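S.K.: Need a 3D model of the sequence below.
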Amino acid sequence: MMEVKTVDKPDERRDFPRGHLEALHLTGLDFAVATFEPGWRWSESVGPIAGTDSCEIHHNCFMVQGRMRIRMNDGAESEMGPGDVFVCSPGHDAWVVGDEQVIVYDFAGAMATDYGKAKE
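M.R.: Take a look at the predicted model:
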């Protein structure tokens, strides 16, 4: 079995304030490309849609462009930039740092399937 898709033709797109997500669904992999504009913050842009106090999605990511900061619910913080690979468990807030658009590739799956959707 072989399956190939291009990020230039996503299977779906979800828009939210100051950003959007494009998802590709393959056999065994749900892949997301997230784009966040300057001023984007999860708790303000996606939190009201998700209906939770913090992001409850697990992320396995590669930072393509821009800078982003993440604060875990326990207070731990880290900042990521281009070329960084990171894993982030549920229970966090995140925001764009600076004036450059952020582009993140997420391989964990849940971002492509659930992120930016209203909680049922």
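
S.K.: Strands along this structure, start to end?
M.R.: 12-16, 19-26, 29-36, 59-65, 67-72, 77-80, 85-88, 92-97, 102-106 (DSSP state E).

S.K.: Just want the angle from the last one to strand 67-72.
M.R.: Translated: strand 102-106. 60 degrees (axes from the mean of the first three to the mean of the last three CA atoms, to 10 degrees).

S.K.: Same check on the third one?
M.R.: Relative orientation of strand 29-36 and strand 67-72, computed by the same axes, to 10 degrees: 110 degrees.

S.K.: Need the contact partners of strand 29-36.
M.R.: 7, 10, 18-25, 45, 66, 68, 96, 101-107, 109-113, 115 (CB atoms under 8 Å, 6 or more residues apart in numbering). In short, each C-beta sits where N, CA and C put it, glycine included.

S.K.: For the spatially most central residue of the chain, give the beta-bridge partners.
M.R.: For the chain, the residue nearest the mean C-alpha position is residue 34 (4.9 Å; CA atoms, centre = their mean). According to DSSP bridges, the residues that bridge with residue 34 are residue 21, residue 104.
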